[in-house]
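In: A structural model of the following input is requested.
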Amino acid sequence: MAYGGLWGTIESYIGIAYFPDEDDVHFGDTYDSGWDEIPVEEEMPAEVTDYFPGAAKMYGMGYTFLSLFNTNENSVYHKTNLYYPFSCKQDWEIAPWLLHSGLSMGKIDSFLSLEMIRDLPLSFHSAKELRGRAEMLPSGPCWMSQVLDTSHSMKSPIILYWRDPLECISAILNHPFFHDQLDFTPRKVYSTVQKLCRVYTKWMTGDDAWNMQVWHLHVVYLLLILNSHCSPQGATLLRTILSPDKTNISVLMGDCVAHPLLVSLANIHMNTRLKSSSNSFMLTALLPVLKFLHKNKCLHGILADRLIHQCLDIVLKLLKEATLHGMMLSDPAFFCEAQTFHLNGVFEPFWRDWVLIDPSHFFTPETLHVLHKEFWDHNAKWLIFAIGELEIDFHFSVLQPVTGFQCFTEGISKLKQVTGCCQRDIQCSIVTVSADAAPRGVLIAICALMDFHYLVQSQSIDKNDLVCISAALNEFQASKDAIIDAGVCCGKANKLMQSVIPSIRNSGVMAQWSADATEHAHITEIKVLVRSSNNNNYDPQICQHLDQLDKCLQFELDADDIEVDDDVPVEFLSTIQHDCSCPITNYFAIAQVLQHKLVGSIPLPLCSFVIGRIAFYLGYDPSIQNISVDDVALKFDLPDLQPALSDFLHHEASSECDHIHAIGGPRRARPNTVLPFKKVQVWFKLHLQDTEFHNPWTHRHYDSIIVNTEAEHSWPTSGLQGHTVAQIRLIFHPLSKTGTQFVWRDRFLTYVHRFNIIGVREPTTQMYVLKRAKWSNGTCIGDVVPISQVHAPINLVPRFGATADNCLTTYNSVEHASELWLNHFWDKNSYFPLSM
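Out: Numbers count the residues shown, from 1 in each chain. Purely as a prediction, here's the structure:
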């Protein structure tokens with residue numbers, strides 16, 4: 001396989017560490033401590049797991065993160081001053097803030113020269129002194145540099161900056177954030193006790209991990225615990241993730257490019273590693289980006305590719321049994337012959353002497369390039385050409401805004417520099433806005449591709465799922481001629497999709513190899529540091545800044561381990577997410593705390609509570625504190641609110657506890673019926689949070705939801721069976737008279753309008769078409785139900801037809817549309833239950 005420029009992630013097996021089995025410690029079944037994996041009450045099918053026998057044994061106690069801190073040459077001063085080489089805690093707090101601020105040395109000097117700052121008891125008074133003290137902090141993996149020789153003329157010398165990848169991996173393994181987030185035991189997971197259906201999730205559940213543990217081939221001996229009597233019993237398999245990708249570091253002008261090589265471990269739990277805030281990827285090398293002066297410009301690419309492989313040979317030397325250093329060669333005849341076979345001319349790829357390294361296995365497909373970028377370069381362009389730029393732009397411009405999703409008020413055809421987030425948001429709606437306007441054959445092919453994209457992004461895939469994935473890909477192959485016949489085909493064919501199913505079997509699900517975390521690391525590891533440089537000779541300054549920041553981070557972690565903050569109440573510690581760049585509230589944990597409060601100590605109903613797998617949250621203070629029922633009916637245009645409330649109260653009184661209310665049916669109460677209350681409180685916002693997403697709803701746009709209407713069915717396992725699609729029109733809580741007790745006093749209520757599903761799925765898009773349910777007099781059918789029956793947000797898109805009505809806007813498109821699409825591509829969590 002020829003090297004054609006590295007992007008995304010490369011997975012490689014770095015070694016087998018041996019641990020004698022005096023203490024049998026099982027690491028393979030560690031439960032993720034992150035609150036994004038909260039157990040739910042729903043009964044799930046019992047899975048059966050076969051663990052590899054004798055794998056991942058631990059012997060004694062090795063060095064820890066804190067022991068490295070205590071063995072530092074300055075540790076003797078920490079007995080009297082924990083923050084040495086800084087004078088005190090306040091002195092230390094200012095130091096990392098300045099080092100992380102992105103300020104240049106001149107601006108830091110200006111800041112420290114301010115009269116108010118000079119009065120502070122700081123141990124440093126210039127940027128040079130600050131960085132000198134930072135250099136005294138405990139160090140992580142050290143940076144090295146090497147000048148490479150080449151027989152070809154260059155505009156500048158070739159300097160490779162790198163640090164030992166084994167030391168980087170050891171630093172990751174010793175990081176306290178990952179102490180309970182590591183997986184070392186290969187296993188085979190089956191959906192039933194009969195073991196007929198294999199389930200693939202993390203890398204350790206794939207065939208590669210199991211087969212490598214069986215083969216016991218020794219790629220590298222990673223001796224994390226030194227012992228001269230290491231036994232093959234208890235071998236531990238590690239798999240590195242190498243992510244090389246170029247990134248621009250100049251702003252607006254210039255042509256400055258960096259080529260970072262990031263390293264991480266596939267043994268880190270998938271949900272933890274994919275969080276950009278977890279810092280699970282470490283910069284291990286800055287590969288040179290140089291320009292050759294060879295007169296034949298066609299050779300510049302091949303020379304650059306050979307240089308990259310030569311550098312990777314040096315960086316990855318300790319991760320291989322033997323190393324062969326390649327040389328920069330120039331052979332135009334060889335280049336022409338390579339071009340004939342669509343090869344780039346690299347004859348000594350860096351993996352040539354790396355045992356067990358197979359490009360068909362370690363070049364794993366990942367979502368950002370194989371799915372999202374493929375969608376934008378192909379699917380989106382096909383539909384833009386098929387429908388026309390003006391028409392598809394108008395369709396997107398009138399979609400109702402949804403919190404958390406980008407609004408395309410000017411359409412999508414003229415977008416520039418489209419990011420992965422933007423591509424994902426376009427995917428959510430493009431099928432629904434294109435239905436009826438695009439040729440049927442083109443839409444069938446694109447829907448098959450979309451099904452393929454969504455199915456392969458699941459975090460758990462079994463044998464039956466692989467059949468569905470293969471069927472979706474086969475359907476696209478059978479329908480793709482329609483795209484050519486329609487004359488909308490553009491872009492090169494993407495053959496990487498054929499490798500997805502074998503990759504899932506070998507290495508686990510595709511979601512764990514997402515490049516989102518590594519793309520974010522380019523910002524934190526490269527671009528932010530460049531802002532503090534003098535815009536000249538970037539690479540050594542990046543290495544120096546990164547080394548200082550690593551020292552600050554390690555020192556801060558060590559100090560935090562010793563000094564415990566007692567100001568945070570213990571009962572709310574579980575609601576704080578520490579590893580996030582922006583605060584994310586855990587409503588599951590808050591609801592759990594509130595449930596254990598003494599009766600009478602907090603007001604009812606609880607503003608945060610959990611039903612099944614969903615957490616609900618309404619603000620403590622209502623949007624409207626006190627308003628009459630009649631005024632609410634007028635303000636929100638709900639003429640049958642009073643009889644609907646009366647019917648709700650009648651059903652509550654005549655039914656058993658936790659009765660599931662239906663939506664619709666004959667109205668029994670009269671319009672002038674008397675209610676036991678006259679005032680209500682109204683909320684404009686409702687937050688729903690499940691284990692993977694949280695989505696607030698805002699006033700003025702009435703959002704669509706899935707409402708449970710039958711007690712024997714549950715979401716998402718039952719799909720739409722026993723559920724109704726509805727639209728929230730009002731969220732409220734009745735105000736009872738003082739001293740009056742009602743059965744509904746501890747619950748929030750909502751008034752909703754119901755939608756009816758028209759027939760079966762539309763055959764081209766395989767989506768449901770909805771209409772508003774109406775009474776015989778033309779008014780919408782609505783009812784009052786407890787907020788606890790709301791199970792999920794859903795997205796409805798107007799059925800525009802071949803040409804959209806020019807009167808539609810973002811504010812009236814859903815309200816005035818006669819028919820709407822139930823968009824199951826809007827969210828991966830809703831895609832699977834709505835596809836049942």
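In: contacts, neighbours, all on C-alpha from now
Out: Noted.
In: Dihedrals phi and psi, the spatially closest residue to Arg198 that is not a sequence neighbour?
Out: Excluding its sequence neighbours, the residue lying closest to Arg198 (C-alpha to C-alpha, 6 or more residues apart in numbering) is Tyr190, at 4.5 Å. Dihedral angles of Tyr190 (phi, psi; degrees, to the nearest 10) stand at phi -120, psi 150.
In: pLDDT wise, what is Tyr190 at?
Out: We have a pLDDT of 92 for Tyr190.
In: try Leu261
Out: Leu261 carries a pLDDT score of 90 in this model.
In: ok, now which ones touch it?
Out: When contacts are counted by C-alpha atoms under 8 Å, 6 or more residues apart in numbering, Leu261 touches Leu242, Ser243, Pro244, Asp245, Leu283, Thr284, Ala285, Leu286, Leu287.
In: Trp376 too?
Out: With C-alpha under 8 Å, 6+ apart, Trp376 has these contacts: Gln423.
In: does it count as helix, strand or coil?
Out: helix (DSSP: H, G, I helix; E, B strand; the rest coil).
In: Model confidence score at it, please.
Out: For Trp376, the model assigns a pLDDT of 89.
In: same question, Asn344
Out: So, for Asn344, pLDDT stands at 63.
In: so where do the strands sit in the stretch 251-400 of the chain?
Out: Taking DSSP state E, counting those that start in this stretch, the strands of the stretch 251-400 of the chain run over residues 257-265, 282-287.
In: With distance to Ala802 added, can I get these in a markdown table?
Out: As requested, the strands of the stretch 251-400 of the chain are arranged in a markdown table below (distance: least, C-alpha to C-alpha, whole Å):
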| stretch | distance to Ala802 |
| --- | --- |
| strand 257-265 | 46 |
| strand 282-287 | 51 |
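In: For Trp354, which of those strands is the nearest?
Out: strand 257-265 (16.9 Å; C-alpha to C-alpha).
In: Name the residues of that closest one that are buried.
Out: Ala258, His259, Pro260, Leu261, Leu262, Val263, Ser264, Leu265 (16 or more other C-alpha atoms under 10 Å).
In: Strand 282-287 and that one, what's the angle between them?
Out: If you take axes from the mean of the first three to the mean of the last three C-alpha atoms, to 10 degrees, strand 257-265 sits at 140 degrees to strand 282-287.
In: top of the contacts of Leu261 by neighbour count?
Out: Thr284 (28 neighbours; other C-alpha atoms under 10 Å).
In: quick one, what contacts it?
Out: Taking C-alpha under 8 Å, 6+ apart, we find Thr284 in contact with Trp162, Arg163, Asp164, Pro165, Cys168, Pro260, Leu261, Leu262, Val263.
In: bridging residues for the nearest residue to the first one once chain neighbours are set aside?
Out: Just to be clear, that refers to Trp162. Counting by C-alpha to C-alpha, 6+ apart, Ala285 is the residue found nearest to Trp162 once chain neighbours are left out, at 4.0 Å. Per DSSP bridges, the residues bridged to Ala285 are Trp162, Leu261.
In: From Tyr84, how far off is Ala285?
Out: Going from Ala285 to Tyr84 by C-alpha to C-alpha, to the nearest Å gives 30 Å.
In: same question, His723
Out: 62 Å.
In: just to confirm, which helix or strand has the residue nearest to His659 when sequence neighbours are not counted in it?
Out: Once flanking residues are discounted, His659 sits nearest to Glu652: 7.1 Å by C-alpha to C-alpha, 6+ apart. Assigned by DSSP states H and E, Glu652 falls within helix 641-654.
In: Can you point out the buried residues in that helix?
Out: Residues of helix 641-654 classed as buried by neighbour count (16+ other C-alpha under 10 Å): Leu641, Gln642, Pro643, Ala644, Leu645, Ser646, Asp647, Phe648, Leu649, Glu652.
In: Return the item of these having minimum pLDDT.
Out: Among the buried residues of helix 641-654, Glu652 has the weakest pLDDT, 83.
In: thinking that one is in contact with Ile660, fair?
Out: No: judged on C-alpha atoms under 8 Å, Glu652 makes no contact with Ile660 at a distance of 9.4 Å.
In: one step back: ok, the buried residues of helix 641-654 vs Asp183, which is closest?
Out: Nearest member of these to Asp183, counting by C-alpha to C-alpha, is Glu652, at 49.8 Å.
In: what separates that closest one from Arg668, distance-wise?
Out: Between Glu652 and Arg668 the distance is 14 Å, computed by C-alpha to C-alpha.
In: Low-confidence ranges, the stretch 251-400 of the chain, go.
Out: 251-255, 294-298, 321-345, 347, 355-356 (pLDDT under 70).
In: which residue ranges form the helices in it?
Out: For the stretch 251-400 of the chain, the helices defined by DSSP state H, counting those that start in this stretch occupy 270-273, 300-315, 332-340, 359-362, 367, 374, 381-387, 389-397.
In: Between helix 389-397 and the helix or strand just after the last one, find me the angle.
Out: What that stands for is helix 389-397. Sequence-wise, the next helix or strand downstream of helix 389-397 (DSSP H and E) is helix 420-434. Between the axes of helix 420-434 and helix 389-397, defined by the same axes, to 10 degrees, the angle is 100 degrees.
In: ok so, going back, from the buried residues of strand 257-265, pick the one nearest His125.
Out: Within those, proximity to His125 (C-alpha to C-alpha) peaks at Ala258, which comes in at 32.5 Å.
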